[in-house]
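Trainee: curious how this folds, go ahead:
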Amino acid sequence: MRLRIGHLDFLNVYPVYRGLELLGLADGRLEPVPCGPDPVRLNGLLAGGRLDAAPSSSALLVAEPDLSVLPGPTVSARGPVGSVLLFTACAPEELAGRRVLLPANSATSVALLRVLAAYRWGVRPEFAPWAGPPPRAEEVARSLGREADGVLVIGDEALRAGILFPGLRRVDLGLEWWTWTGHPMVFSLWLGRRGLPAAVARWAGRLLRAAAARGLAALRENPAELAELARRRGLPVAALRHYYDACLDFGHGPEHRKGLFLFVRLARRVAGGGVAGGPLVPGGPHAAQNGAARSGATPTGDGGAGSCSGCGRRAVRAGV
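Mentor: Take a look at the predicted model:
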């Protein structure tokens, strides 16, 4: 079977595609479909059946709970992720009624911001779309305090903005989630189309895990390759090395599933108009030591490891 897979042009999934190339597993067995740096477009292609599998936004499970979860790598964070940043002109708890601009190429990050605003910070900002293509670092710096009091930036541009403008106030949404819940934040994971055979999903998951490991190894073992990638993306080599070694988590274990189930449940609640109140009760094993005491809802009921009750989707498990 020839598998049509979405090819997303983000640094956080680069190791998977590089690994597929190095392992020689793509020829004849996989058909990459370019989707640019646009997770929203990729999500639409998968939901519409034009892709067999893709590194999709976790938020896609809110609207499409019957997609298959492949036992492949995720793009997660156990703390700062570096590439999902809310730049603000004030503290996040002061964003009530203030204008926050959202990029059109984000699904999970937008949903996560809405969850944090409602349940972590207890505010209702005025969310509005960023006009035009996704914001570049220089545009973010110009717009803060003028066009808006907050701008959400994702992907490679978030990394650039954090480096180019170190004085800008920013909130790392990966760190906020981890501090609040104690669970990894799963930003994306490999999903399969409806009707994808379970055996194919398991095979693809094993292949993708091996590819991620091989791609990461290549970047760590070959400084010239890492340097060339950093040059093409306009980033310092040290920053890109730190991103891969300290920020990104490609695992897919019980803790990741707990974080995923909790996120999907809260995102679904926010999408339905629910806003909670009352004191926060830490929801995970690390929340207490991470200092999770802020106003907001209680992120509890995370569906235990391996449970599907959190997001209602069909999981395909093979040693995950």
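Trainee: going forward, measure contacts between C-alpha atoms and count neighbours the same way
Mentor: OK.
Trainee: so how far is Arg193 from the residue nearest to Leu30 when sequence neighbours are not counted?
Mentor: Leaving aside its chain neighbours, Leu30 sits nearest to Leu3 (4.7 Å; criterion: CA to CA, 6 or more residues apart in numbering). Separation of Leu3 from Arg193 (CA to CA, to the nearest Å): 11 Å.
Trainee: how about Ala118?
Mentor: Between Ala118 and Arg193 the computed distance is 31 Å (CA to CA).
Trainee: more neighbours, Leu3 and Arg193?
Mentor: Ranked by neighbour count (other CA atoms under 10 Å), Leu3 and Arg193 place Arg193 first, with 21 against 16.
Trainee: and the nearest residue to the more buried one once chain neighbours are set aside, its phi and psi?
Mentor: Using CA to CA, 6+ apart and skipping the chain neighbours, the partner closest in space to Arg193 is Asp52 (5.2 Å). For Asp52, the backbone dihedrals (degrees, to the nearest 10) come out as phi -90, psi -30.
Trainee: and for Asp52, the neighbour number?
Mentor: Asp52 has 24 nearby residues by other CA under 10 Å.
Trainee: that one against Leu46, yeah?
Mentor: Yes: here Asp52 reaches Leu46: they are 6.7 Å apart, a contact under CA atoms under 8 Å.
Trainee: contacts for the strand or helix carrying Val62?
Mentor: Element membership of Val62 [criterion: DSSP states H and E] is helix 60-63. Outside helix 60-63, the residues that touch it by CA atoms under 8 Å, 6 or more residues apart in numbering are 43, 67, 107-108, 264-265, 267-268, 311, 313.
Trainee: and it, which residues are buried?
Mentor: Buried residues in helix 60-63, defined by neighbour count with 16 or more other CA atoms under 10 Å: 60-62.
Trainee: can you name the next helix or strand after that helix?
Mentor: Later in the chain than helix 60-63, the nearest helix or strand by DSSP H and E is strand 68-77.
Trainee: could you pull up phi and psi at Arg98?
Mentor: phi -100, psi 150.
Trainee: how is the residue nearest the centre of the chain assigned, secondary-structure-wise?
Mentor: For the chain, the residue nearest the mean C-alpha position is Phe187 (2.0 Å; CA atoms, centre = their mean). The assignment at Phe187 comes out as strand when based on DSSP: H, G, I helix; E, B strand; the rest coil.
Trainee: what's it in contact with, if anything?
Mentor: Neighbour list for Phe187: 57-58, 74-77, 108-109 [criterion: CA under 8 Å, 6+ apart].
Trainee: put together a markdown table for those residues, with distance to Ala224, pLDDT and neighbour count on each row.
Mentor: A markdown table is the format used below for the contacts of Phe187 (distance: CA to CA, whole Å; pLDDT from 0 to 100; neighbours: other CA atoms under 10 Å):
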| residue | distance to Ala224 | pLDDT | neighbour count |
| --- | --- | --- | --- |
| Ser57 | 31 | 96 | 24 |
| Ser58 | 33 | 97 | 26 |
| Thr74 | 26 | 98 | 29 |
| Val75 | 24 | 98 | 24 |
| Ser76 | 26 | 98 | 24 |
| Ala77 | 26 | 98 | 25 |
| Thr108 | 33 | 96 | 25 |
| Ser109 | 32 | 96 | 26 |
